[in-house]
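Peer 1: Here is a sequence together with a model predicted from it:
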Amino acid sequence: MFSHKYNSDFAVQITSNIPSAQKMTIQFANNNLNGKTRFKPELIDYNSSKTRVCVTVGMMTTGYDCEDILNVVLARPIFSPTDYIQIKGRGTRLFTFRYNDSVLPKDKFYLFDFFANHQYFEEEFNYKERLELPKEGTGKIGDGDGIETFAYTGDDSIQTIEEEIFDGEHIMRVDKEAFSKNFEEKAKEDVNQNPDLQEALEEEDWNTLAAYIMANIFDKPKEFWNLDRLRNAYDVDRRLDILEVVKKVFGKIHQFKSKSELIEEDFERFLAIEKVDASMYYEFKTLFHSYLMYEDIRLVFEESKFGALGSDPRISLEDLKILGKEWIQKTIQYIKHNKNPLLMET
């Protein structure tokens, strides 16, 4: 009845023929897949349930790191022991769940197997079976049990060589985790070896720790860590503050909030401070989000060129008309004087 409206499907398909499937796997690992409705106008971007089940074929079965997975469902037969071991391994990742003051280590996961794969590979499959090698032929056409052979004697030189350097700005996804993990390990190692830094950590003196990292770990020749490169490695859609990075390294926060999440927090504070007309909630939210998210829209307001919004899907002239000049100015003034400094980026 409401296709693509809730945008909070409990289970979603993530396969190679789904647009942005790779991004969806990352969002799922970060518990940030879906969770905002698309009902217009009243409930657009309203908080809803996030995706908890991903249905995939091959994309998330090997080399995929989502440590808090608690259930693996095998909904098709598997014929490769390597594939079976890799798929089962998605659930064996260690993880510690934290909520407020509660700490609950992950000590088990469930494997729902509808095709007896587990029984086959754990009980019946012969891992020690010696495979017969193909019979060695004479190199003649038609030799060896009817299997034709072919020997190429032409030129085998390399046609082209293309060298691509991956640094902190352009880093392969497979190396991103290593880049950020090595940084975190280096920071922790330095703190463990320095009593003054240990004391700063115990007292949650993030400024002292941040100053040390910037002076002694950032911009060194080997890894050349800095905020921009770590932002790229952590896959964050905004600039990072050094204090945020320090808190992430030492477990004060477990993941970085996206720009959209920070804007949502600012908007909720705006609603709590300003006595706004609830009937214009959608229009206030559209103005608040679009002004903070998009530089070109901010420029429209700065230069009063509202005609440019005539066909803009992000915010319409009708939205502005409903709010009125006084509330528009008041909202923008609030943003300018109270905004989170991380949001207004070019």
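Peer 2: Yep, that arrived.
Peer 1: Could you tell me which residues make contact with the residue nearest to Val53 when sequence neighbours are not counted?
Peer 2: Distances taken as CB to CB, 6 or more residues apart in numbering put Ala11 closest to Val53, at 3.7 Å, once the chain neighbours are dropped. Heads up, the C-betas are built off the backbone N, CA and C, glycines and all. Residues in contact with Ala11 (CB atoms under 8 Å, 6 or more residues apart in numbering) are 51-55.
Peer 1: among those, which two are most distant?
Peer 2: Greatest spatial distance in the contacts of Ala11: Arg52 and Val55, 11.7 Å, computed using CB to CB.
Peer 1: the more surrounded of these two?
Peer 2: Legend: neighbour count by other CB atoms under 10 Å for Arg52 and Val55, higher for Arg52 (16 against 12).
Peer 1: just checking, that one touches Val12?
Peer 2: No: when contacts are counted by CB atoms under 8 Å, Arg52 is not listed as touching Val12 (9.6 Å).
Peer 1: Pull out the buried positions in the helix or strand Lys336 falls within.
Peer 2: Using DSSP states H and E, Lys336 falls within helix 317-338. By neighbour count on 16 or more other CB atoms under 10 Å, the buried set for helix 317-338 is 319-320, 322-323, 327-328, 331-332, 334-335.
Peer 1: Equivalent analysis for stretch 271-288, please.
Peer 2: Buried residues in stretch 271-288 (16+ other CB under 10 Å): 276, 280, 282-288.
Peer 1: Equivalent analysis for stretch 104-120, please.
Peer 2: Going by neighbour count (16+ other CB under 10 Å), the buried part of stretch 104-120 is 106, 109, 113, 117, 120.
Peer 1: Just give me how far that stretch sits from the chain centre.
Peer 2: Offset of stretch 104-120 from its chain centre (CA atoms, centre = their mean, to the nearest Å): 26 Å.
Peer 1: Identify the residues contacting Lys50.
Peer 2: Residues in contact with Lys50 (CB under 8 Å, 6+ apart) are 8, 31-35.
Peer 1: Relative to Phe284, how far out is the nearest residue to Phe301 once chain neighbours are set aside?
Peer 2: Among residues not flanking Phe301 along the chain, Ile332 sits closest, at 6.2 Å (CB to CB, 6+ apart). As for Ile332, its distance to Phe284 is 11 Å (criterion: CB to CB, to the nearest Å).
Peer 1: With just CA atoms, put stretch 271-290 into CSV.
Peer 2: Extracted in CSV, the C-alpha atoms of stretch 271-290 (Å, rounded to 0.1, in the frame of the first residue of the first chain):
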residue,chain,number,x,y,z
LEU,A,271,12.0,23.4,17.8
ALA,A,272,12.6,23.2,21.6
ILE,A,273,13.8,26.8,21.8
GLU,A,274,11.5,28.6,19.2
LYS,A,275,7.8,28.5,19.6
VAL,A,276,6.9,27.4,16.1
ASP,A,277,3.5,26.7,14.6
ALA,A,278,3.2,22.9,14.5
SER,A,279,1.2,23.1,11.3
MET,A,280,4.3,24.3,9.5
TYR,A,281,6.6,21.6,10.8
TYR,A,282,7.4,20.2,7.4
GLU,A,283,8.2,23.6,5.9
PHE,A,284,10.5,24.5,8.9
LYS,A,285,12.3,21.2,8.5
THR,A,286,12.7,21.6,4.8
LEU,A,287,14.1,25.1,5.2
PHE,A,288,16.4,24.0,8.0
HIS,A,289,17.8,21.0,6.3
SER,A,290,18.2,22.4,2.8
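Peer 1: now it, how far from the centre of its chain.
Peer 2: 29 Å.
Peer 1: the helices in the chain, which residues?
Peer 2: Taking DSSP state H as the criterion, the chain contains helices spanning 21-29, 81-89, 117-119, 173-192, 195-202, 206-216, 227-234, 242-249, 259-273, 281-293, 295-303, 317-338.
Peer 1: Need these in a markdown table (columns: distance to Ala151 and mean pLDDT).
Peer 2: Listed next are these as a markdown table, based on distance: least, CB to CB, whole Å; pLDDT from 0 to 100:
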| stretch | distance to Ala151 | mean pLDDT |
| --- | --- | --- |
| helix 21-29 | 41 | 86 |
| helix 81-89 | 31 | 87 |
| helix 117-119 | 41 | 89 |
| helix 173-192 | 37 | 81 |
| helix 195-202 | 65 | 92 |
| helix 206-216 | 60 | 93 |
| helix 227-234 | 47 | 85 |
| helix 242-249 | 57 | 92 |
| helix 259-273 | 59 | 86 |
| helix 281-293 | 62 | 89 |
| helix 295-303 | 62 | 88 |
| helix 317-338 | 72 | 88 |
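Peer 1: residues in contact with Glu274?
Peer 2: Glu274 makes contact with 330-331, 334, according to CB under 8 Å, 6+ apart.
Peer 1: Looking at those, which is nearest Ala215?
Peer 2: Comparing those against Ala215 with CB to CB places Tyr334 closest, at 36.8 Å.
Peer 1: which residues touch the closest residue to the closest one other than its chain neighbours?
Peer 2: In space, not counting the residues next to it along the chain, Tyr334 is nearest to Phe270; the distance is 5.8 Å by CB to CB, 6+ apart. Residues in contact with Phe270 (CB under 8 Å, 6+ apart) are 276, 284, 288, 331, 334-335, 338.
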